[in-house]
Every structure is written in C-alpha cells, then in structure tokens.
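J.: Sequence first, predicted coordinates after that:
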Amino acid sequence: MIGPTENYPDDSQGDAVNAAPGAENSSPQNSGDAHAETASDREARYRLIKNDKENSEAWMPATMNDEYIQGLISQFRRHLNDRGLSLAEAAKQIGHGYSQSVLSNWSNRKYRGNDREVSQHVDRWLKRESLVESGKRPKEYVETRIAAEERSVIKLAVKTGAILVITAPSGCGKTFVARMLCDEMNGVFVTANQTLTQKEFLKQILIALGRESERRMSSAAALRLVVEAMKESRRPLFIDEAHTLGKAINLVRTIYDASEIPVVLIGTASIASLIDDRGNGQGQFASRAMYYNALENARGMSTPDDGAKAAAQCLFSVDEVKAFFANRGIRADREALKLAVALANLPGFGSLRLIERAMQSAMELYPDSDAISYEQLVTTLRILHSSDFARMSRMVKERTEDAKATRVA
C-alpha cells in the first residue's frame, strides 16, 4: 500500500472532515509497496464501473421565456441607472459584437434577431457584475496560499498593465482562479493548444471578444482586428495552456505592445523557455513580463526554521485540503486526510484534482461509510491509477521519511 503518513506535521489537524459523530478512524496497514490485486479490489472495481456516472458541469441557462426576459430588462435598466453606464459602455463590456442599437432594441422588445441569445449574454454579464460588487466567490473556491498569491499577482499585473506568466503543477487550481478573476474583471479568456495555427489562435481571441472574422482573412488582417478590438475594449487578455503557443507567443507580445492591455499567460513551467529572449542580448519579451511560479515559490518559503513542516508540505497544507474537501461535501477520516495531503503535494500527479477525483470515487464505492478510510482510499487509488500506484507509493514514502529526518535533525 501507499507508504506511512504518520510523520506529517501538526498531527492534531488530522481530524475527520465532515465525519459523523462516532465515525471510526481506521489506521493504515503499512505493508510496503503495491501488491497483487485482491478479491476486495475486484469487487470494488466492479462497483465503481456499475456506479459510474457522467459528472459534466455544463452550463444550464435559465428558461428564457417572455416573463424572465422582461424581468431581466428591468434589472438591466436599473443596473445602468445605478452605475451611470451608457448603452455604449454596456455593449463594450458585454461583448459578443453587440452594438448600442442592439441593446436598445432588445431592452425595448423591438429586436428582430435572437432575443433569447442576447438575454443569455446580458444575464451572464449582470451576474458577473453582481459577483464583483458583492465580493463573493464560487462555492467551490478555497483560499489556499497558491490561490491568494495568484489573485494578488493577477490584480497587480492588471493594475500596472504588465504581461504576467503564471505556472503551477497540473491540478493546483490555477485555471479555476484565473477564470474566476477573468469573470470579475470582464476579461477575455482563451485556451491555446498546439494544433492551432497562428491565424486560428487570433480567431479564437476574436470569438471570445464577440467579433466575427472573414473566412479568407489573412493572419495580418486578423492581427489588426484583434489589436483594434482589444484596444477599444480595454479588457485584460487571459491565455490558458500558454505553454502550447510555440511561435504564436510573438503574436502575444505584438498584441500587448500595440493595444496596451494587460496579458496573463497560464500554463506549465515550460512557458519560461518561450518568453526568455535574454540570451541574444535583447530581452524584449522577458523585460516586459512578471513571473509567478507556484512550485518554486513554495520551495523558497522553506527555511531551516520550518523543519518538518517545510519538508512535508510544499503546495498545500492540511487545513487547505480539509477546506477543499468540506466545500465539496467530501468526508474523510484522519488517516485518509493525511494521505490525501501527501498526494496533493506530489507535483505531476494532479494535486487537488487527483485527490478530489479519488475521494469522490471512493464515496461512490463506499456509500455507506460515514467517512472514507485510509484503506478505502488506497483501494480506490489502485483502481484509478494502477499504472502509477507503485510510483506514488514510493514518492509518498520518500517524502514522509524526509519529513521525519528533518524533524529529528
């Protein structure tokens, strides 16, 4: 099984998460690395397959009937009046190519186009505005140290008009936080991938801006249109999976220079090699960029005074994982929680995404448990990650031993 976890700092924090009174806290069976599949493993796999459900989180718009649209129009007019916004300013913020006249006709119920589509975009805009004004966060949001630091550097970059590069291991929540702030700031969010040509990447930005492009438009014409639209909207540009941009990274610098809008690049640490042009003595891109690396920043916090805490905790603390589980209704006993913390702090295996999926699957497998135990979590991990299970076991054991050695020292 996955190695011992008893050497984690501040053992008193390992109480059951959302466990019912009287729930048992089972102790791990430290029997070394992964072993052959047992009958209970096969039974658990069968139950997992049997209970598997699609868990998509597709956005479900409200029923856009005439009564709802009329109420939305009243809310829209109140918002403009309370904030002193003109229809032209609202059109820029809503985006999607809507003009002042479109919103005027829509609000007077004279629009001849798809008024339900306009209503959906207005509805989303009003909800974003409400989120900004109330300061509320999505219920899934947990203020981890990484999330707080990411929010701070994004706000600083937007305020100063800089290019910001954010890198963190997969599953740390960097995209979730970036999307949340993009909504709050009415930014433009696009996701890059290595199959996109430079022209297709530019068209992705135009689509996010609600601007249409001609099918035969050249790359140069698309770039001019993007610069014009970004300069007019003054909206910050967020680019996820930016490490896949390749040569298109030069377009980002051009857009930034010409439109003078903040740009936030989110992805893996390999972004650094794309923007580091200091080797040729120029440094035109690197000199424009702020750089936040969650993993290196966490390591940099480790001092001799941190002791075992620094060795055992790199990305997420016990309290942060407990809050993460609590917000999602996940129940775990003390030993399972400590194992989850160890797994969340293994860069390259999915971090928070890994333990969320594993715990939710365990709850599907063991619906009668008041709180998921260490053994139940290990069984689930062996089913979900059979190819990586031995490696994860070894790394957890090594980190635990490092923590113990640091504590003794």
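T.: Here it is on my side, so go on.
J.: number of nearby residues for Ala88?
T.: Neighbour count for Ala88, taken as other CB atoms under 10 Å: 12. Quick note: C-beta positions are derived from backbone N, CA and C, even for glycine.
J.: what does the average pLDDT come to for the helix or strand containing Asn250?
T.: Using DSSP states H and E, Asn250 sits in helix 249-259. When pLDDT is averaged over helix 249-259, the result is 88.
J.: helices and strands around that helix, which ones?
T.: strand 163-167, helix 198-209, helix 219-233, strand 263-267 (3 or more CB pairs under 8 Å, 6 or more residues apart in numbering; DSSP states H and E).
J.: Generate TSV for those, with distance to His96 and mean pLDDT as supplementary columns.
T.: Conversion of these to TSV gives the following (distance: least, CB to CB, whole Å; pLDDT from 0 to 100):
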stretch	distance to His96	mean pLDDT
strand 163-167	26	90
helix 198-209	8	88
helix 219-233	11	89
strand 263-267	21	92
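J.: any chance of the ones you listed in CSV, plus mean neighbour count?
T.: Shown next, in CSV, are the helices and strands packed on helix 249-259 (neighbours: other CB atoms under 10 Å):
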stretch, mean neighbour count
strand 163-167, 24
helix 198-209, 20
helix 219-233, 17
strand 263-267, 26
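J.: angle of the helix holding Asn250 against helix 198-209?
T.: 50 degrees (axes from the mean of the first three to the mean of the last three CA atoms, to 10 degrees).
J.: could I get the helices and strands packed on helix 249-259 as JSON lines with distance to Gly95?
T.: JSON lines is the format used below for the helices and strands packed on helix 249-259 (distance: least, CB to CB, whole Å):
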{"stretch": "strand 163-167", "distance to Gly95": "22"}
{"stretch": "helix 198-209", "distance to Gly95": "6"}
{"stretch": "helix 219-233", "distance to Gly95": "7"}
{"stretch": "strand 263-267", "distance to Gly95": "17"}
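J.: nearest to Ser393, of those?
T.: In terms of CB to CB, the element of those nearest to Ser393 is strand 163-167, at 27.3 Å.
J.: quick one: contacts of that closest one?
T.: Outside of strand 163-167, the residues within contact range by CB atoms under 8 Å, 6 or more residues apart in numbering are 150, 153-154, 157, 174, 178, 242, 252-253, 256, 262-269, 271-272, 275, 285, 288-295.
J.: With stretch 105-125 instead?
T.: For stretch 105-125, using CB under 8 Å, 6+ apart, the contacting residues are 61-62, 64, 68-70, 72-73, 76-77, 90, 93-96, 98, 102-103, 186.
J.: which stretches of the stretch 301-409 of the chain aren't confidently modelled?
T.: Counting by pLDDT under 70, the stretch 301-409 of the chain shows low-confidence ranges at 301-314, 402-409.
J.: What ranges does it have for its strands?
T.: Under the criterion DSSP state E, counting those that start in this stretch, strands are not mapped anywhere in the stretch 301-409 of the chain.
J.: ok, now the stretch 51-200 of the chain?
T.: Under DSSP E, counting those that start in this stretch, the stretch 51-200 of the chain gives strands at 163-167, 188-191.
J.: For Asp370, find the nearest of those.
T.: Short answer: strand 163-167, nearest of the strands of the stretch 51-200 of the chain by CB to CB, at 38.7 Å.
J.: where does the helix holding Asn250 sit relative to the chain's centre, distance-wise?
T.: 24 Å (CA atoms, centre = their mean, to the nearest Å).
J.: Number the chain from 125, please
T.: Happy to do that; since the first residue is 125 now, the last one works out to helix 373-383.
J.: Run through the residues that contact the residue positioned nearest the centre of the chain.
T.: Geometric centre of the chain, nearest residue: Phe300, 2.2 Å, by CA atoms, centre = their mean. Neighbouring residues of Phe300 by CB under 8 Å, 6+ apart: 264-265.
J.: How about Asn417?
T.: 291-292, 393.
J.: Closest to Pro491 out of these?
T.: Ala292 (33.4 Å).
J.: so that closest one touches Lys298, yeah?
T.: Yes. Contact criterion CB atoms under 8 Å: Ala292 and Lys298 qualify, at 4.5 Å.
J.: Name the residues contacting each of the two.
T.: With CB under 8 Å, 6+ apart as the test, Ala292 and Lys298 both reach 270, 274, 418.
J.: gap between the residue lying farthest from the centre of the chain and Gly219?
T.: Outermost residue of the chain with respect to the C-alpha centroid, by CA atoms, centre = their mean, is Lys234; its distance is 39.9 Å. For Lys234, the distance to Gly219 equals 22 Å [CB to CB, to the nearest Å].
J.: do the same with Gln194
T.: Gln194 is 23 Å from Gly219, by CB to CB.
J.: Those two: which has the busier surroundings?
T.: Using other CB under 10 Å, the more surrounded residue of Gln194 and Gly219 is Gly219, with 18 against 12.
J.: ok, now which ones touch the more buried one?
T.: Gly219 neighbours (CB under 8 Å, 6+ apart): 245, 312, 332-334, 357, 359.
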